[in-house]
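*Asks:* based on what follows, work out the 3D shape:
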Amino acid sequence: MNVDNVLICLVGKSPQILTEALYFLEFKQRQEIQRIIIITTNDCRGSIEKTLSLKLKEFQGYYNLKKEWSVEYLSADDELYNKKSSSSLTKLIFDVVKSEKLRGNTLHCLISGGRKTMSVDLAIALSVFGGDADKMYHVVASEKFAASKKFYPESDEEANEIVFFEKPFIKLKFNPGKSGNLEVNDLIQTAQEELDSRIELPILEIYPNTRRISIGNKVVQMQPLPFAVYFFFAKKAGKFLRGGKSFSDKNLSEIWEIYCKYTPSQGHLQRAQSGLFEKGKLNFENLQKSISVIKKQITQALDNELMSDFYIISTLGSYADKKYGIKLSKNRIKIVK
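*Replies:* The predicted model follows:
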């Protein structure tokens, strides 16, 4: 299978970044670029395609380049005010990177153009699917060169007015073949779970009868309510549940049952019935307070914020759509009777 060097370029109001980058890739780094994929917004595509088609030919002619690149223009709606975390532009960018990695191609990604959100999307997509040979670049022209309106340097002196550099990035090397038709958010979560599984984390041991947990050699003793909340989420580890009004009565009742089972003091139960619980269901506000207490206890015990993140009850999503759960895989949890 032939492997292509593919330049993926985000383009907005400064289309000259493409030819500036090509100059450095072709002449300074001696990269043999075979294909160019230009990603922009639907409203800009017409003018960008017209401008760059002309300027790429000028560039070839000026430097007497005998080669021709295969150039593809792609675009999607600019959903700047879309409240969804995943827009059609985001999907397009992820689909392009995924598709090229499925073909085994080497990617050279230029993040300088387009909207800032597009640059973030391309950087994340490359981190998820990228491998050792893939590169990320940024290009910046001086005010003097930008004022000239030129699309590429015509001398070494002008080339010195342009800064072109490689940006390092974390390469997760997620297999694009595993992603199927996942939405972008689900894809990122799946990649994160795979990354987490590569880390050897201490077993979480839960001792219900004494309301304590141990993580490695660290022990955390919990009060009845925080323990009931933690035990509930530990039994559902890896699964995140919607909070607020979406947190089901069944879940709240289950926490009450755990509370009753592992709270030996009758006084605790009476106080809980009169304050914390209403008709056998935990008030969600009190659940949130317990989650904060649990986070503080575990974080202090482990004294390692990165590791703590796997054991606390984490939140995902925006304020209106928060989900709660423990990131630790179920196979790392042991309940000791």
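
*Asks:* strands of the stretch 151-300 of the chain, start to end?
*Replies:* 162-166, 204-207, 212-215, 218-221, 241-242, 277-278, 281-282 (DSSP state E, counting those that start in this stretch).

*Asks:* averaging pLDDT over each of those strands, which comes out lowest?
*Replies:* Of all these, the minimum mean pLDDT falls on strand 277-278 (a mean of 58).

*Asks:* about what we covered before: could you export the strands of the stretch 151-300 of the chain as TSV, including distance to residue 335 and mean neighbour count?
*Replies:* C-beta coordinates here come from the backbone N, C-alpha and C atoms, glycine included. Converted to TSV, the strands of the stretch 151-300 of the chain look like this (distance: least, C-beta to C-beta, whole Å; neighbours: other C-beta atoms under 10 Å):
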stretch	distance to residue 335	mean neighbour count
strand 162-166	49	15
strand 204-207	5	19
strand 212-215	10	20
strand 218-221	15	15
strand 241-242	19	14
strand 277-278	24	17
strand 281-282	21	21
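
*Asks:* of the ones you listed, which is nearest residue 327?
*Replies:* Nearest to residue 327 among these is strand 204-207; the distance by C-beta to C-beta comes to 11.1 Å.

*Asks:* would you give the sheet partners of that closest one, along with the direction of each?
*Replies:* strand 212-215 (antiparallel), strand 333-335 (parallel) (DSSP bridges).

*Asks:* CSV please, covering these and showing distance to residue 156.
*Replies:* Putting the strands paired with strand 204-207 into CSV (distance: least, C-beta to C-beta, whole Å) gives the following:
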stretch, distance to residue 156
strand 212-215, 60
strand 333-335, 62
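
*Asks:* end-to-end on stretch 317-326?
*Replies:* In stretch 317-326, first residue to last residue: 14 Å (C-alpha to C-alpha, to the nearest Å).

*Asks:* next: stretch 165-174.
*Replies:* The first and last residues of stretch 165-174 sit 25 Å apart, counting by C-alpha to C-alpha.

*Asks:* chain center to it: distance?
*Replies:* Its chain's C-alpha centre lies 13 Å from the corresponding centre of stretch 165-174 when counted by C-alpha atoms, centre = their mean, to the nearest Å.

*Asks:* what's the answer for stretch 174-188, then?
*Replies:* For stretch 174-188, the distance to the chain centre is 12 Å (C-alpha atoms, centre = their mean).

*Asks:* could you list the low-pLDDT ranges of the stretch 51-200 of the chain?
*Replies:* Low-confidence segments of the stretch 51-200 of the chain (pLDDT under 70): 79-86, 196-199.

*Asks:* sorry, back to before: looking at the strands paired with strand 204-207, which is nearest to residue 183?
*Replies:* Proximity to residue 183 (C-beta to C-beta) singles out strand 333-335 among the strands paired with strand 204-207, at 28.1 Å.
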